[in-house]
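# using only what follows, build the 3D model:
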Amino acid sequence: MPRLSNKEFLTKLESDLKENAGSSSIYLTQKRLVASLESAPKDQLTDLSSNVVQHPDTYSKNTRLYSVLIRCTRGTSDSKISTVVEPENLSMFWNDYTTVLKAGFGGLRKKDKKKKQKVTKA
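Below you'll find the predicted structure:
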């Protein structure tokens with residue numbers, strides 16, 4: 001299945017969560033989308049995130065922003081969906097994404113707290 005637009009992905013994810021209703025597992029993955037590194041020199045990495053972590057001066061600086069690949073699957077090959085979120089749309093997408101997930105995971109419940117036993121003085 002081709003990658004969906006961000007709005008199509010959220011709409012499909014919302015319908016999948018409602019359809020599933022806790023009957024099976026749903027796997028969500030998010031990762032940085034990186035272009036192929038085949039043209040990079042073998043002795044020097046060009047993909048280090050120096051905008052996040054300080055690296056020695058021997059490495060070239062990389063302040064590039066990367067897209068995020070988001071996938072959802074219900075464990076079967078016919079129920080895989082994915083989208084690519086560009087860096088400039090990321091904050092708006094995260095807000096919509098978390099809203100959809102919170103609404104779709106209604107069957108989750110908090111852990112039961114253990115009751116503390118009262119200590120009696122003898």
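# list the residues that contact the residue nearest to the spatial centre of the chain.
With distances taken as Cα atoms, centre = their mean, Gln30 lies nearest the centre of the chain, 2.9 Å away. The contact partners of Gln30, by Cβ atoms under 8 Å, 6 or more residues apart in numbering, come to Val68, Leu69, Ile70, Arg71. (Glycine included, C-beta is placed from N, CA and C.)
# got it, and Ile70?
Contact analysis of Ile70 by Cβ under 8 Å, 6+ apart lists Phe9, Leu28, Thr29, Gln30, Ser82, Thr83, Val84, Val85, Tyr97.
# what do you get for Gly104?
Listed by Cβ under 8 Å, 6+ apart, the contact partners of Gly104 are Leu13, Glu14, Leu17, Lys18.
# pLDDT score for it?
Note for Gly104: predicted pLDDT of 80.
# how close does it get to Lys12?
Gly104 is 12 Å from Lys12, where distance means Cβ to Cβ, to the nearest Å.
# and if you look at Trp94?
Applying Cβ to Cβ to Trp94 and Lys12 gives a distance of 17 Å.
# please name the bridge partners of the residue nearest to the centre of the chain.
With DSSP bridges as the criterion, Gln30 is bridged to Ile70.
# and the pLDDT for it?
Reading off the model, Gln30 has pLDDT 91.
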